[in-house]
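Visitor: Below is the sequence, then the predicted model.
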Amino acid sequence: MNILFLGDVMGRSGRTAITERLAALKAELAVDFCVVNGENATNGAGLSAAHARLLLEAGADAVTLGDHAFDQKDMLQFCETEPRIVRPLNYSKAAPGRGARVFEVPGGRRILVAQALGQVFMKRPFDDPFSAIEPVLRNATLGAAVQATLVDIHCEATSEKMAMGHFCDGRASVVVGTHTHVPTADATILSRGTAFQTDAGMCGDYDSVIGMDKEEPLRRFLTGMPKGRFEPAGGEATLSGLFVKTDDATGKAVEVQMIRRGGRLQVA
């Protein structure tokens with residue numbers, strides 16, 4: 001199975017890059033299933049129902065969220081009616097929607113998509129992501145119940161993301177980190193066959209401070225005093241993510257490739 005994952009979509013710039021370039025990228029890579037993290041697509045803070053529809057219409061087969069999952073209040077209802085939205089497993093026991101779903105893929109294949117939030121350096125004390133993901137992996141055996149599994153681990157600490165990769169190694173096809181908006185250069189296949197990257201980066205303008213227009217973040221770092229709101233940078237976005245080929249019989253990764261298309265981080 002050819003799986004494409006794209007990191008956090010950041011504001012209008014990221015949405016434009018998805019709508020204008022995702023279809024061609026999927027065709028180029030012969031993608032069977034595409035997952036997009038959309039949690040910053042609406043003005044850098046959450047995902048609205050309208051922008052979720054836009055990402056899905058542009059070619060995302062599933063959209064994951066994050067710690068800003070419900071910043072846009074209409075997502076509280078939308079994720080209950082749209083099965084292609086995957087919110088974090090350990091966000092809250094009262095949260096609407098689901099944190100793991102199995103999707104049908106052409107050719108009679110099935111892929112599990114799950115997301116968990118980390119605990120280290122996060123603003124809220126979320127439940128343990130490892131105990132949250134364990135029963136999900138156990139109930140959807142790789143290479144049997146599903147032909148592939150992708151886990152989006154949305155957290156701040158690189159150590160926690162790497163620990164999740166090793167925790168899932170051999171039981172997931174792909175474990176990929178999101179949230180920090182900076183792509184790491186460590187895409188690899190772990191010892192038991194799981195493709196891993198600590199952070200996929202963002203789909204946004206990299207002439208910025210993690211996707212935000214530079215002026216206000218710089219002011220706050222230099223003076224400690226806010227003056228205005230953070231606003232997403234509006235320049236050309238780079239599509240950043242991970243492409244993975246898996247063996248349908250085992251669900252293990254056989255090829256992994258970092259994706260950097262357009263904008264300042266273009267890689268041919």
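Guide: Alright, I've got the coordinates. Numbers count the residues shown, from 1 in each chain.
Visitor: P226: neighbour count?
Guide: P226 is flanked by 11 other residues according to other CB atoms under 10 Å. Bear in mind the C-beta positions are built from the backbone N, C-alpha and C, glycine included.
Visitor: And R229, by the same measure?
Guide: R229: 11 surrounding residues under other CB under 10 Å.
Visitor: Not counting its neighbours along the chain, what's nearest it?
Guide: E216 (7.1 Å; CB to CB, 6 or more residues apart in numbering).
Visitor: May I have the helix or strand that contains the one you found as PDB, with CA atoms only?
Guide: Using DSSP states H and E, E216 sits in helix 215-223. Listed next in PDB are the C-alpha coordinates belonging to helix 215-223 (Å, rounded to 0.1, in the frame of the first residue of the first chain):
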ATOM      1  CA  GLU A 215       6.500  40.100  13.800                       C
ATOM      2  CA  GLU A 216       4.400  39.200  16.800                       C
ATOM      3  CA  PRO A 217       6.400  36.100  18.000                       C
ATOM      4  CA  LEU A 218       9.700  38.100  17.600                       C
ATOM      5  CA  ARG A 219       8.200  41.000  19.700                       C
ATOM      6  CA  ARG A 220       7.200  38.600  22.500                       C
ATOM      7  CA  PHE A 221      10.600  36.900  22.500                       C
ATOM      8  CA  LEU A 222      12.400  40.200  22.600                       C
ATOM      9  CA  THR A 223      10.200  42.100  25.000                       C
END
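Visitor: which parts of it are buried?
Guide: E216 (16 or more other CB atoms under 10 Å).
Visitor: residue contacts, V113?
Guide: Neighbour list for V113: V35, A62, T64, V86, A100, R101, V102, F103, T149, L150, D152 [criterion: CB atoms under 8 Å, 6 or more residues apart in numbering].
Visitor: List the contacts of the fourth one.
Guide: With contact taken as CB under 8 Å, 6+ apart, V86 is in contact with 62-65, 97-101, 113-115, 152.
Visitor: The residues you listed into TSV, with extra columns for distance to P226, secondary structure and pLDDT?
Guide: TSV is the format used below for those (distance: CB to CB, whole Å; DSSP: H, G, I helix; E, B strand; the rest coil; pLDDT from 0 to 100):
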residue	distance to P226	secondary structure	pLDDT
A62	36	strand	98
V63	31	strand	98
T64	30	strand	98
L65	26	coil	97
G97	32	coil	96
R98	36	coil	96
G99	33	coil	97
A100	37	strand	98
R101	39	strand	98
V113	37	strand	98
A114	36	strand	98
Q115	30	strand	98
D152	31	strand	98
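Visitor: Pick the one among those closest to A172.
Guide: Using CB to CB, A114 comes nearest to A172 of the contacts of V86, at 8.3 Å.
Visitor: Show me what that closest one is bridged to.
Guide: Per DSSP bridges, the residues bridged to A114 are A100, V151.
Visitor: Report how many residues lie close to it.
Guide: A114 sits with 26 neighbouring residues when counted by other CB under 10 Å.
Visitor: Where do the helices of the stretch 51-200 of the chain begin and end?
Guide: Using DSSP state H, counting those that start in this stretch, the helices of the stretch 51-200 of the chain run over residues 75-81, 129-139, 158-168.
Visitor: Quick one: the ones you listed as TSV, columns for mean pLDDT and distance to R192 too.
Guide: Shown next, in TSV, are these (pLDDT from 0 to 100; distance: least, CB to CB, whole Å):
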stretch	mean pLDDT	distance to R192
helix 75-81	96	32
helix 129-139	97	13
helix 158-168	98	9
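Visitor: Could you list the low-pLDDT ranges of the protein?
Guide: For the chain, the stretches with pLDDT under 70 are 268.
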